[in-house]
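1. using only what follows, build the 3D model:
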Amino acid sequence: MPYVHMLPDPGMNYTLNRPLLDGTSPSRMKEVGAVAPRIKDYDSWHSVWLELALRAEAEKRWGDAASYYHGAEFYLPAGDARNKLYDDFKRNWSKAVQGLAGYEQIEVPYPGGNLPGFRLQAKGKEISTFVFHGGYDSFVEEFYAFLLPLTELGFTVIGFDGPGQGGALRQGIFLDPHWENPAKAVLDYFDLKSVDWLGASCGGYMAMRAAAFEPRIKHVISMPLTYFGLDMTLRQMRPGKAQYLVSLFKAGDRKGCEALIAEERLPGSVFEWCITQGMHITGTKTPFDFLGAISRQSLDGVLHQVTQDVLLTEGEQDHLFDIDWIHRAMRELVCARSVTARIFTARQGGEQHCQVGNSGLARDEIITWLSRFYPSLRGALPNEAETPKRALA
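-> From the prediction side, this is the model:
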């Protein structure tokens with residue numbers, strides 16, 4: 001499904017494209033396109049997606065309803081309204097996958113509750129287990145269609161929401177900068193000795209952090225990579241403001257930080273979303289406290305501990321991340337067995353964050369890279385026209 005331009009705001013337009021990610025429900029394009037002109041700000045965004053969700057649920061289109069409920073909650077602040085919409089999402093998703101062959105819902109025990117997700121059994125002979133998680137804002141379920149074709153190639157797939165994500169966050173399990181903790185929980189629960197690991201978006205940091213401390217991860221993919229927890233938020237500020245905010249924060253100037261953030265939180269801006277979402281996933285009540293929590297995420301002094309094979313991917317027009325972050329990581333991955341970087345271009349249709357608009361391109365690149373370690377994959381790249389899919393509409 002090609003990336004579409006329906007909204008003038010790059011952040012909202014990107015998020016609008018996410019329900020079209022899997023390409024298994026083309027009707028969504030027409031449905032979303034019809035209401036897109038009504039979206040002007042975060043308030044109208046919420047109203048439009050909630051309207052779509054309620055209609056889809058009434059029509060028993062469970063997969064569409066789940067996706068639209070995710071849209072409706074996306075820009076809301078933490079609280080009861082957002083929690084209810086997550087519950088609406090989960091209810092519809094459960095109906096969408098009910099009776100789906102090969103789909104197993106999982107709950108990995110974890111302090112404060114569990115890490116929920118799914119397990120997809122490999123078709124035929126299993127060659128490896130492939131573990132996946134998202135990052136700053138995703139629900140693991142939205143990547144189901146992206147991950148499913150891997151089972152045709154012999155991978156058993158485990159996707160989970162970690163601390164600060166989806167169903168784990170709904171239980172009050174907030175973001176943990178030490179991602180080796182949830183990684184260990186998942187690997188121990190399934191008694192896994194060797195896995196491939198993919199983290200998407202800010203999950204790229206999490207995957208790399210996990211690999212640095214967890215030798216059972218043999219091949220690690222960052223799609224893409226952020227170096228510091230503050231990187232994405234700072235990148236959304238106006239010229240000169242990011243450095244000023246960092247100076248105030250390092251000086252412990254709570255009042256100064258709060259004033260500058262309030263000045264930069266323009267309604268409907270990506271920066272506004274970064275702060276609102278960041279407070280949600282870290283369980284903090286003020287922007288200053290959010291800065292303190294998210295700044296604990298850092299790969300400084302960590303990357304030299306990564307000894308695995310590494311794949312780093314990025315899109316050349318990523319509005320959230322900077323390509324330079326990959327280059328810095330490459331310079332510091334001095335002990336990795338191998339390091340491969342792949343920058344996708346607009347000509348290829350993979351220029352957006354996480355290759356939204358052409359996610360199959362990223363998946364094919366991952367499979368091609370993994371074929372270095374699994375000879376059975378050579379020449380077995382999935383044909384999108386032939387890969388069996390079930391549209392969760």
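2. list the contacts for residue 301?
-> For residue 301, the set of contacting residues under the criterion of Cβ atoms under 8 Å, 6 or more residues apart in numbering is empty. Using the backbone N, CA and C atoms, a C-beta is placed for each residue, glycine as well.
3. make sure it is indeed in a strand.
-> No. Counting by DSSP: H, G, I helix; E, B strand; the rest coil, residue 301 falls outside a strand, being coil.
4. I figured residue 192 hits residue 215, correct?
-> No. Applying Cβ atoms under 8 Å, one finds residue 192 not in contact with residue 215, separated by 11.8 Å.
5. what about those two, which has more around it?
-> Regarding residue 192 and residue 215, a neighbour count based on other Cβ atoms under 10 Å identifies residue 192 as having more, with 16 against 11.
6. neighbours of the closest residue to that one other than its chain neighbours, how many?
-> Of all residues beyond its chain neighbours, the one nearest residue 192 is residue 129 (5.6 Å), with distances taken as Cβ to Cβ, 6 or more residues apart in numbering. Other residues near residue 129 number 21, with proximity taken as other Cβ under 10 Å.
7. where do the strands sit along this structure?
-> Assigned by DSSP state E, the strands in the chain fall at 103-110, 113-120, 128-133, 155-160, 195-200, 217-223, 309-315, 338-344.
8. partner strands of the first one, with direction?
-> Strand 103-110 has the following strand partners under DSSP bridges: strand 113-120 (antiparallel).
9. neighbouring contacts of the partner strand?
-> With contact meaning Cβ under 8 Å, 6+ apart, strand 113-120 is reached by 97, 102-108, 140-141, 144, 147-148, 150-151, 156-163, 166-168, 171-173, 182, 185-186, 190.
10. just the buried residues from those, in PyMOL please.
-> Taking 16 or more other Cβ atoms under 10 Å as the burial criterion, the selection of buried members of the contacts of strand 113-120 in PyMOL is written as:
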select buried, resi 97+103+106+108+140+141+144+147+148+150+151+156+157+158+159+160+161+162+163+166+167+168+171+173+182+185+186
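11. give me the low-pLDDT residue ranges for the stretch 1-150 of the chain?
-> Within the stretch 1-150 of the chain, the segments meeting pLDDT under 70 span 1, 21-25.
12. now with 80, please.
-> Using pLDDT under 80 as the threshold, the predicted model of the stretch 1-150 of the chain has low-confidence ranges 1-2, 19-27.
13. cool, the stretch 251-393 of the chain as well?
-> In the stretch 251-393 of the chain, residues with pLDDT under 80: 379-393.
14. which stretches in it count as helices?
-> Secondary structure of the stretch 251-393 of the chain (DSSP state H, counting those that start in this stretch): helices located at 254-264, 270-282, 287-294, 323-332, 359-370.
15. show me what the shortest one is packed up against.
-> So that's helix 287-294. Helix 287-294 makes packing contacts with helix 241-250, helix 254-264, helix 270-282 when contacts are defined by 3 or more Cβ pairs under 8 Å, 6 or more residues apart in numbering; DSSP states H and E.
16. next, format the ones you listed as TSV and append mean neighbour count and distance to residue 63.
-> Output for the helices and strands packed on helix 287-294, formatted as TSV (neighbours: other Cβ atoms under 10 Å; distance: least, Cβ to Cβ, whole Å):
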stretch	mean neighbour count	distance to residue 63
helix 241-250	16	39
helix 254-264	16	37
helix 270-282	21	24
